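Asks: Give me coordinates for this.
(2 chains)
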Amino acid sequence: MSSFDRETIALLADRLLEGFATEEDVRALEEHVQSSAARQFLTEYLFLTGELHWLGGVCSFKDKRGPAISAHGLDRSKTPQLLERLSQPNLQLRKIFGRTMLALVIAGVVCIAFVSVWFNRGERGQLQEESQLPIAASLTQSYSLDIDGTADAVATGRWVLLRKGVGQWRISSGALLIAQAPAQFRVDENGEVELASGAIFVKTDGRQHPLRVITPHAYCVDWGTAFGVWCQATHTEVHVLEGQVEITPRRLASHGSQCIGAGNAAVCDDRGRIEKATCRPERFCQMVPRAKTVAAYRAVALSNPRLWLYGAFESSAYEGRWRSALGPDDFRPVLMHGTMMRLEVEHIAGYEPESKAVKLVRGAYSGDTVGVGLQTTEPVVFPQSMTVEMIVRFDGWASSQADTLGCLLSTRQDQRRWGVLLGVVPINRRDDAQNARLVHLFDAASPWTETQGELVPGCWHYVVATFERNGTMTRVSTWLANLSERGPLACVMRDGLVPGNLPDGYLGIGKGFDTGMSHAYPFPGAIDELAIYNGVLGEDEIRSHLGHLTDIKDQADVFPLPEEP
Amino acid sequence: MTDQEGEHRPDEEFVRLLAGAQRRLFLFVFALVPNVIEAEEIVQNTSVIMWQKFGQFRKGESFLRWACGIARNEVLKYRERVGRREATFSNEFIELLADVAVPLLEVVDERRQALQRCLEELQPHHRHLLTERYQEGVSTDELARRLGKTADAVRRMLHRIRLALYDCVQRKLASSDLAFDAPKG
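Replies: Numbers count the residues shown, from 1 in each chain, chains lettered A, B, ... in the order given. A predicted model of the protein is given here:
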């Protein structure tokens, strides 16, 4: 029995002892107490509490038992010594009590005298207690780590709460544990890991078998060397990269355990059901990222409590729900209206070779625009205010039509209510440059709101836009940095008022919608990362995010506001 | 048992045995019904039944085990009588716990001695909290009010103290070679 089980049992028993346990608590307690060791612990714990009641004098048996026995046939007159003898243990107890009470009174006086000191020293005392506990895990590497508690040396049984960043710990058993914020875990004296929430990746060298990860839903026993566990509110996902992991639901009324092999994944829900799933190793941070990389940026973005949607596009499945609040199913590639040939979204190297991106296709065929983009399979409801961050590469225009539009992120509800959160249009200049201008649109009857931002063909860019409803208008600020040319972060539109509001609907990534709601306006280029936050990020935060991605040059001049339409 | 068989009369003998077993009997019942008032009531009922059936008790048999057998039945009867007023262990679970509890009662005296030593080692404010909770019977809500904390915080503190006491008892038993091996199975 691990210390986790022990504490859970004690906590549930406490609820019962305090009289506020629910039926569910009691059943959970019964489910936890299956082994003989657990039953012994529970019994001893209840004995201990019973002793405290007894020692505390709550159980005044002398007064109660006398009349009870007498009333059922024991005659006090015939047994004059009975009650005396009966009360002997209590007399002894009272003597002990007397001494204990005297000590307690003295202790109480001392306690009262130092009560304020006690309160002030509470935190220090806890740290002292913690420092006395054996070390269960030691931090070996970290990136941008913000942690609740002591990170360097994790005491046995102490919860580690990661608020930001990534940390790698060496468990006392020798295994490596990499946790990415937000996550909460602890390690017990046997090297077992309890994961309360978030994702961890565990690597063993094969000599520490079996290593067990416990979540609220399942016991995951490592029979291999590398696997990721992602604990969410209603279920736990286990993704196995090497070896095997045995998953056993914590609910007893389940169908038993299952072994998941390398390249496979499974989901265990809170009803004890285990179902196979697609293995997605990209969901787990398998090493602590280096500074100024996409992985570092991603780690920080994924830690942000306001994150609403994240698309890393590290696999060809285009999943867009990764650690997000977005309700609908995954994204799927869609072909533009009129595209007759078979096109596929390409999976290519991203801004860095280690990071992957999706390449969206735009071309011309017999005078028609053809292409392919991504779209949610269900409509979505957008936050009232939001921030979009994208790492994109613009590849130039396939044709030079003046009304050409490429959508980076868009939605549409009907003919009028159209939302091009981020789009690009050609810049009609005499030098015939292929640059694209960043634009926004929330009302199909209004002209584009153009920013001063230009995307250069062949270059990777960091694009950010914030959106905030302002009556019938939307307040938009847009930032742009040319990553390939190490350009500065420039605010290319500050507090611009764009007519209309963002309508709810299908979310298109790298594509838009025409008046008939068909797929249209593909973006000619690639998307490496996409993050949408629920709320408006401040400029400092945006600059900080970019700082994790690359070195930032001095702030560029803020471009003047475009004329309001 | 008859008068001729022992030095004591049956009533004296009964009270002598009961007095020696009353604390352990209470602990046994409390483990099955973790509610002080209910446990006391069941122990009282058990004492009456034991007295009525004392004639069936055979000399040489363990009085405690005999008492626990009656108490176990009384626990189940009590549950039937009062119904399911609040969340309690299932009958099957009570049977399981009872099987574990009886042999553990054999070493409960050693555990108690260890507990008393551990109580002495507690920090004064922790001991004071236990005194208020268990000796004065102050509720956790009232303790929270007195300490200016939330009831949850007080419960957590009590939880930590009890677990610390448990660990202390285990350490003391281990160091004095009094540790008791769990019954297998």
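
Asks: contacting residues for A:N501?
Replies: Applying C-beta atoms under 8 Å, 6 or more residues apart in numbering or on different chains, one finds that A:N501 lies in contact with A:442, A:469, A:472-474. (Each C-beta comes from the backbone N, C-alpha and C, glycine too.)

Asks: Ramachandran coordinates for it?
Replies: Taking degrees, to the nearest 10, you get phi -120, psi 160 for the backbone angles of A:N501.

Asks: sorry, back to before: of the contacts of A:N501, which is the nearest to chain B?
Replies: A:R469 (38.6 Å; C-beta to the nearest C-beta).

Asks: just checking, that closest one is part of a strand?
Replies: Yes. Residue state for A:R469 (DSSP: H, G, I helix; E, B strand; the rest coil) corresponds to a strand.

Asks: who touches the longest strand out of those in chain A?
Replies: Ordering each strand of chain A by length in residues (DSSP state E) puts strand A:135-148 first. Here strand A:135-148 makes contact (C-beta under 8 Å, 6+ apart) with A:151-172, A:176-177, A:181, A:186-189, A:191, A:288-291, A:296, A:299-300, A:303, A:548.

Asks: Buried ones from those residues, can you make that a PyMOL selection?
Replies: Only the buried members of the contacts of strand A:135-148 end up in this PyMOL selection, burial being decided by 16 or more other C-beta atoms under 10 Å in any protein chain shown:
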select buried, chain A and resi 151+153+154+155+156+157+158+160+161+162+164+165+166+167+168+169+171+172+176+177+181+186+187+188+191+288+289+296+299+300+303+548
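
Asks: Filter the contacts of strand A:135-148 down to the ones in strands?
Replies: The subset of the contacts of strand A:135-148 that ends up in strands is A:153-155, A:160-171, A:176-177, A:181, A:186-187, with DSSP E as the criterion.

Asks: Endpoint to endpoint, stretch A:216-232 covers what distance?
Replies: One end of stretch A:216-232 to the other measures 9 Å (C-alpha to C-alpha, to the nearest Å).

Asks: and the closest residue to A:E23 other than its chain neighbours, how many residues sit next to it?
Replies: The shortest distance from A:E23 to any residue that is not its chain neighbour, by C-beta to C-beta, 6 or more residues apart in numbering or on different chains, is 4.6 Å, and that residue is B:A87. By the other C-beta atoms under 10 Å in any protein chain shown criterion, the neighbourhood of B:A87 contains 17 residues.

Asks: so B:A87 makes contact with A:L29?
Replies: No. Using C-beta atoms under 8 Å, B:A87 is not in contact with A:L29, being 9.5 Å away.

Asks: Give me the distance between B:D11 and B:L18.
Replies: As defined by C-beta to C-beta, to the nearest Å, B:D11 lies at a distance of 10 Å from B:L18.

Asks: Name the residues contacting each of B:A87 and A:L29.
Replies: With C-beta under 8 Å, 6+ apart as the test, B:A87 and A:L29 both reach A:16, A:21.

Asks: Helices along chain B, start to end?
Replies: Along chain B, the segments classed as helices by DSSP state H run B:10-32, B:36-52, B:63-82, B:91-105, B:108-121, B:124-130, B:140-147, B:151-175.

Asks: Including distance to chain A and mean pLDDT, could those go into TSV?
Replies: Supplementary listing: the helices of chain B in TSV, determined by distance: least, C-beta to the nearest C-beta, whole Å; pLDDT from 0 to 100:
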stretch	distance to chain A	mean pLDDT
helix B:10-32	4	85
helix B:36-52	4	87
helix B:63-82	12	88
helix B:91-105	5	89
helix B:108-121	6	85
helix B:124-130	4	84
helix B:140-147	6	87
helix B:151-175	5	86
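
Asks: which of the ones you listed is buried the deepest?
Replies: Across the helices of chain B, the average number of neighbours (mean count of other C-beta atoms under 10 Å in any protein chain shown) peaks for helix B:10-32, which reaches a mean of 22.

Asks: Now do that one and helix B:63-82, the angle between them.
Replies: Here helix B:10-32 points in a direction 60 degrees away from that of helix B:63-82 (axes from the mean of the first three to the mean of the last three C-alpha atoms, to 10 degrees).

Asks: which other helices and strands contact helix B:10-32?
Replies: Helix B:10-32 is packed against helix A:36-55, helix A:61-71, helix A:82-113, helix B:36-52, helix B:63-82, helix B:91-105, helix B:108-121, with contacts defined by 3 or more C-beta pairs under 8 Å, 6 or more residues apart in numbering or on different chains; DSSP states H and E.

Asks: Nearest to the spatial middle of chain B, which residue is it?
Replies: In chain B, the C-alpha closest to the average C-alpha coordinate belongs to B:L27, at a distance of 1.0 Å (C-alpha atoms, centre = their mean).

Asks: What are the neighbouring residues in contact with that one?
Replies: When contacts are counted by C-beta under 8 Å, 6+ apart, B:L27 touches A:46-47, A:50-51, A:54, B:101, B:105, B:108.

Asks: wait, what's in contact with the closest residue to chain B within the stretch 451-565 of chain A?
Replies: Among the residues of the stretch 451-565 of chain A, A:N534 lies closest to chain B, at 29.7 Å counting by C-beta to the nearest C-beta. In this structure, A:N534 makes contact with A:306-308, A:325, A:383, A:385-386, judged by C-beta under 8 Å, 6+ apart.

Asks: Give the PyMOL command for selecting the buried subset of these.
Replies: Those of the contacts of A:N534 that count as buried under 16+ other C-beta under 10 Å are selected in PyMOL with:
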select buried, chain A and resi 306+307+308+383+385+386
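
Asks: Take the contacts of A:N534 and lay them out in JSON lines including secondary structure, pLDDT and distance to chain B.
Replies: Below are these laid out as JSON lines (DSSP: H, G, I helix; E, B strand; the rest coil; pLDDT from 0 to 100; distance: C-beta to the nearest C-beta, whole Å):
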{"residue": "A:R306", "secondary structure": "coil", "pLDDT": "87", "distance to chain B": "28"}
{"residue": "A:L307", "secondary structure": "strand", "pLDDT": "87", "distance to chain B": "30"}
{"residue": "A:W308", "secondary structure": "strand", "pLDDT": "87", "distance to chain B": "32"}
{"residue": "A:A325", "secondary structure": "coil", "pLDDT": "62", "distance to chain B": "29"}
{"residue": "A:P383", "secondary structure": "coil", "pLDDT": "87", "distance to chain B": "33"}
{"residue": "A:S385", "secondary structure": "strand", "pLDDT": "93", "distance to chain B": "34"}
{"residue": "A:M386", "secondary structure": "strand", "pLDDT": "95", "distance to chain B": "36"}
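
Asks: Cool, thanks, talk later.
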